[in-house]
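Student: Turn this into a structure:
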Amino acid sequence: MAESAGLLIRRTCKRSVGSNPTLSAILNKGTMFKAVKEIIWHLTCIKCNNWFTYATMEDRLRIERFSFTCPHCGKKGGVEINEQ
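Tutor: Okay, the predicted model is just below:
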């Protein structure tokens, strides 16, 4: 009896999974998400010591070539990369 009950559960689950493409993909380890890489630079203002961020999807962006304005105090200037 227990063996036939287990077989019935497996058959029922298999039928349900087949009709649910999302669940089917999860169980079959199919692709569920698409992803993109985002780089987030954290910039700390030397004048006011507050920080802000600059997000990009460009891998080769040379942030040290840009000039920024602190949104907190208005100080303008370039960036020095801290390699910590």
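Student: where do the helices sit along this protein?
Tutor: Applying DSSP state H to the chain gives helices spanning 2-19, 21-27.
Student: now the longest one: mean pLDDT?
Tutor: Helix 2-19 carries an average pLDDT of 51.
Student: For stretch 31-51, measure first residue to last.
Tutor: One end of stretch 31-51 sits 37 Å from the other (CA to CA, to the nearest Å).
Student: no, scratch that, I was asking about stretch 65-80
Tutor: 9 Å.
Student: again with stretch 74-84
Tutor: Termini of stretch 74-84 sit 26 Å apart (CA to CA).
Student: How about residues contacting stretch 74-84?
Tutor: Contact partners of stretch 74-84, identified using CB atoms under 8 Å, 6 or more residues apart in numbering, comprise 41, 43, 45-48, 63-64, 66-70. For the C-beta atoms, the positions are set from N, CA and C on the backbone; glycine is no exception.
Student: how does it look with 6 Å?
Tutor: Contacting residues not belonging to stretch 74-84 are listed as Cys45, Lys47, Ile63, Glu64, Ser67, Thr69 [CB atoms under 6 Å, 6 or more residues apart in numbering].
Student: got the domain boundaries for the chain?
Tutor: Here the domain assignment for the chain is 1-32, 39-78, based on automatic domain parsing.
Student: ranking those by mean pLDDT, which is last?
Tutor: domain 1-32 - the lowest mean pLDDT of the domains of the chain, at a mean of 58.
Student: one step back: strands - which of the contacts of stretch 74-84 land there?
Tutor: Using DSSP state E, the members of the contacts of stretch 74-84 that fall in strands are Ser67, Thr69.
Student: In JSON lines, list the contacts of stretch 74-84 along with distance to Ile81 and neighbour count.
Tutor: Conversion of these to JSON lines gives the following (distance: CB to CB, whole Å; neighbours: other CB atoms under 10 Å):
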{"residue": "Cys45", "distance to Ile81": "15", "neighbour count": "18"}
{"residue": "Lys47", "distance to Ile81": "18", "neighbour count": "12"}
{"residue": "Ile63", "distance to Ile81": "7", "neighbour count": "16"}
{"residue": "Glu64", "distance to Ile81": "6", "neighbour count": "9"}
{"residue": "Ser67", "distance to Ile81": "14", "neighbour count": "8"}
{"residue": "Thr69", "distance to Ile81": "18", "neighbour count": "12"}
